[in-house]
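> prediction below, plus the sequence it came from.
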Amino acid sequence: MAETLTTAAPAVPVAGLPFQFRDFLIPLADGQAVTRGWPERHGGKPLGVTWHWAVTRKLQVLRDVIGGAHAERKGEASAHYGIGRSFAEGVDRYVLIENRSWHAGKNQSLRWNGKALQGDPDFKGSRSTIGIETSHIGANLDGIVAEADWISTATPLGKPIKVQPWTPEQIAMCIEVGREIVRRFPNIRPEDHHGHHDICPLDEEGRAYKIDVCGFPFAKVLRGIYPDQAIEDVWTPFETVRQRQRALIALGFSLGASGADGAWGARSRTALTLFQRHEGLVQNGLWSTFVSRAVFRELKAAGKNPVDVTAGRL
């Protein structure tokens, strides 16, 4: 597939880092997974950023699947960016951020801000957020074996998993992509970033649907994108089931005699649903970035250090 380089995307090192942005743009044409512009209802601009993993170790594979005019998933799916695992792979652009990519929307239940979608199509990811795919193999599921350095985390439904870490070079490129987005759309704030799993956690039958990007280094990436803002790490203290359980107990929600046992069952789901009701969140019993922010805030308001609480030191 030939590269299509434009003046908007020079293939040169960025911000002193030894990687390149390259364009493999999907044409704005019938039968392609791209739509011109953003809804006027949103002021003609995106409202947030949805982060994904591509379940591939190579950026070239992602490029073949969704990039350019003759992608394998032509007319089905796309993203604005694809981010490799190394500076040598660099960053791909598939859809310019002035236009919409088809990256999220199926089985979506929440908006970019955690509010209920309520069937409103203008708030589907494909109409309201910029989609970023990271080259990443995913979790230790479907025959994928975790390596020693993989991250212990849990899905929105509370299933323990291990996920491949994002490399330091990949994190640096995520930051540069985020900076490019915010320069163009400064309305996008740190709290407007989320994972695909946050807005599309279940399928139509109530089963687990998306789990990307569980374990993503949101705090590190957002601190790089917004260096002038104090961004607290509201994600890491609640990665595992036991950490989430300890947080709920510390906030006064009973899990019964078993307590924080690392098994996310009916009592844990009920406690989380009650917390969501108390906070005015969507009551779905699922852990998300939106829940993490609220739990972190409430623990601090109660004079409790979230890191100490979830580590079992309080």
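Yes, it's here.
> avg pLDDT for stretch 34-44?
When pLDDT is averaged over stretch 34-44, the result is 98.
> so which residue is dead centre in this protein?
residue 195 (1.8 Å; CA atoms, centre = their mean).
> contacting residues for that one?
When contacts are counted by CB atoms under 8 Å, 6 or more residues apart in numbering, residue 195 touches 50, 51, 52, 212, 213, 214, 216, 289. (Glycine included, C-beta is placed from N, CA and C.)
> from these, pick the one nearest residue 298.
residue 289 (15.2 Å; CB to CB).
> now for the closest one, how many residues are close by?
Residues lying near residue 289 (other CB atoms under 10 Å) number 24.
> same check, this time on residue 123
Residues lying near residue 123 (other CB under 10 Å) number 24.
> the contacts of residue 195 into CSV, with extra columns for secondary structure?
Listed next are the contacts of residue 195 as CSV, based on DSSP: H, G, I helix; E, B strand; the rest coil:
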residue, secondary structure
50, strand
51, strand
52, strand
212, coil
213, coil
214, coil
216, coil
289, helix
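> just the buried ones among those residues, please.
50, 51, 52, 212, 213, 214, 216, 289 (16 or more other CB atoms under 10 Å).
> list the contacts for the nearest residue to residue 66 once chain neighbours are set aside?
Spatial nearest neighbour of residue 66, chain neighbours left out: residue 78 (5.0 Å); criterion: CB to CB, 6 or more residues apart in numbering. Listed by CB under 8 Å, 6+ apart, the contact set of residue 78 reads 26, 33, 34, 66, 71, 94, 95, 101, 102, 103, 131.
> filter those residues down to just the ones in strands.
Among the contacts of residue 78, the members falling in strands (DSSP state E) are 34, 101, 131.
> can you tell me which of those comes closest to residue 56?
Of all these, residue 56 sits closest to residue 131, with 15.6 Å by CB to CB.
> that closest one contacts residue 124, doesn't it?
No: between residue 131 and residue 124 there is no contact under CB atoms under 8 Å: 11.3 Å.
> so the two - more neighbours on which side?
Neighbour count, other CB under 10 Å: between residue 131 and residue 124, residue 131 has more, with 27 against 22.
> now the more buried one, nearest residue through space, not along the chain?
residue 103 (2.8 Å).
> and the one you found, what does it touch?
Contacts of residue 103 (CB under 8 Å, 6+ apart): 50, 52, 77, 78, 79, 80, 125, 126, 129, 131, 133.
> residue 75 now?
When contacts are counted by CB under 8 Å, 6+ apart, residue 75 touches 31, 32, 33.
> restricted to buried residues, select these in ChimeraX.
Buried residues within the contacts of residue 75, by 16+ other CB under 10 Å, are selected in ChimeraX with:
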select :32,33
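> just to be sure, the residue nearest to residue 66 is in a helix?
No: under three-state DSSP, residue 78 sits outside any helix and is assigned coil.
> residue 168 versus that one, what's the distance?
27 Å (CB to CB, to the nearest Å).
> then residue 57?
Counting by CB to CB - residue 57 and residue 168 are separated by 16 Å.
> strands of the stretch 1-150 of the chain, start to end?
Along the stretch 1-150 of the chain, counting by DSSP state E, counting those that start in this stretch, strands occupy 13-14, 17-23, 34-35, 48-53, 81-83, 91-93, 100-101, 129-134.
> who wins for proximity to residue 142 among the ones you listed?
Closest among the strands of the stretch 1-150 of the chain, using CB to CB: strand 48-53, at 13.6 Å.
> packing partners for the closest one?
strand 129-134, strand 193-195, helix 196-199 (3 or more CB pairs under 8 Å, 6 or more residues apart in numbering; DSSP states H and E).
> tabulate these (a markdown table), appending mean pLDDT.
Converted to a markdown table, the helices and strands packed on strand 48-53 look like this (pLDDT from 0 to 100):
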| stretch | mean pLDDT |
| --- | --- |
| strand 129-134 | 98 |
| strand 193-195 | 98 |
| helix 196-199 | 98 |
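> can you tell me which of the ones you listed is most buried?
strand 129-134 (a mean of 28; mean count of other CB atoms under 10 Å).
> contacts for that strand next, please.
46-54, 62, 66, 78-83, 97, 101, 103-104, 112, 125, 166, 170, 174, 177, 181, 185, 188, 213.
> list the buried residues of stretch 178-193.
Neighbour-count burial for stretch 178-193 [16+ other CB under 10 Å]: 178, 179, 180, 181, 182, 185, 188, 190, 191, 192, 193.
> which stretches of the stretch 201-314 of the chain form strands?
In the stretch 201-314 of the chain, no segments count as strands under DSSP E, counting those that start in this stretch.
> show me where it has its helices.
218-225, 241-250, 266-279, 289-301, 306-310 (DSSP state H, counting those that start in this stretch).
> most tightly surrounded among those?
helix 241-250 (a mean of 22).
> which neighbouring elements make contact with that helix?
Using 3+ CB pairs under 8 Å, 6+ apart: helix 241-250 touches helix 266-279, helix 289-301, helix 306-310.
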